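*Asks:* sequence and predicted structure below; questions after.
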Amino acid sequence: PKDKGLLPDHILEPQFKADPSHRIKVVAKYFYLLKNQAAAKSKMNAVTARRLKRSWGYMIRQNIDSPLDEFVTAAKAVLEHTFNNHEFCGDWCQGKRAIKEGKVYDNPRGYLSKETEDGLKLYRQIGSITTKYGSEHYLDQSRHPFHTQSNEAIHQSQSTLTPKNKVFHSSRSFH
């Protein structure tokens, strides 16, 4: 029949969600891939990659309950804050607070600059990653209260006879 393998119409299409912890790792993977490229191709270093990963994680965790448009704006802050543009930053940003108070903020970690050719190239490379994963499509998948850690904790509490971290070398042990 034509409808072989299709679900009946009364069953709703599933909504796919991404685990926020895994999404952070996926985005960070691309930051570290930039770091691993030859110096002629990318000026990303380990410190900047780690800082971007941490910032992306903070952004996901702080905005998981925010409206989608605020979430997208917060995703822009990860790149822009790294390059000393605080337009998209939230209340957490000390640089933005200093600007409001009319003070000069000297970031102890320093900011990257788009003034050099290498800096602009790095800005574009990081921007391509943050634009993709900072889109409504990807961020909407992370807007839920569920986490892998909860599932793992439940699994560990129930797996006393056949824990995942032990190998019994025989299928009979599972019976």
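*Replies:* Alright, I've got the coordinates.
*Asks:* what is the mean pLDDT for stretch 94-111?
*Replies:* The average pLDDT within stretch 94-111 is 85.
*Asks:* same thing with stretch 72-85?
*Replies:* 93.
*Asks:* what residues does that stretch touch?
*Replies:* 48, 51-52, 55-56, 59, 62-63, 66, 86-90, 93, 95, 107, 111-114, 119, 123, 126-127, 130, 133-136, 139 (C-beta atoms under 8 Å, 6 or more residues apart in numbering). All C-beta atoms are positioned from the backbone trio N, CA, C, and that covers glycine.
*Asks:* now do the buried residues in it.
*Replies:* In terms of neighbour count (16 or more other C-beta atoms under 10 Å), stretch 72-85 has its buried residues at 72-83, 85.
*Asks:* give me the below-cutoff pLDDT ranges for the protein.
*Replies:* Within the chain, the stretches with pLDDT under 70 are 151, 154-155, 158-175.
*Asks:* who's in contact with the residue most central in space within it?
*Replies:* Note on the chain: the residue nearest the mean C-alpha position is I24, at 3.0 Å, using C-alpha atoms, centre = their mean. For I24, the contact set (C-beta under 8 Å, 6+ apart) comprises K53, W56, G57, I60.
*Asks:* one step back: could you flag which of the contacts of stretch 72-85 are buried?
*Replies:* 48, 51-52, 55-56, 59, 63, 86, 88-90, 93, 95, 112, 123, 126, 130, 133-134, 139.
*Asks:* circling back to that earlier point, farthest-separated two in the contacts of I24?
*Replies:* Of all pairs drawn from these, the greatest distance, 10.8 Å, lies between K53 and I60 (C-beta to C-beta).
*Asks:* quick one, which of those two is more surrounded?
*Replies:* I60 (23 against 18; other C-beta atoms under 10 Å).
*Asks:* for that one, helix, strand, or coil?
*Replies:* helix (DSSP: H, G, I helix; E, B strand; the rest coil).
*Asks:* burial of the residue lying closest to it once chain neighbours are set aside, as a residue count?
*Replies:* What sits nearest to I60 in space, not counting adjacent residues and going by C-beta to C-beta, 6 or more residues apart in numbering, is P20, at 4.9 Å. For P20, the count of nearby residues is 20 (other C-beta under 10 Å).
*Asks:* thank you, goodbye.
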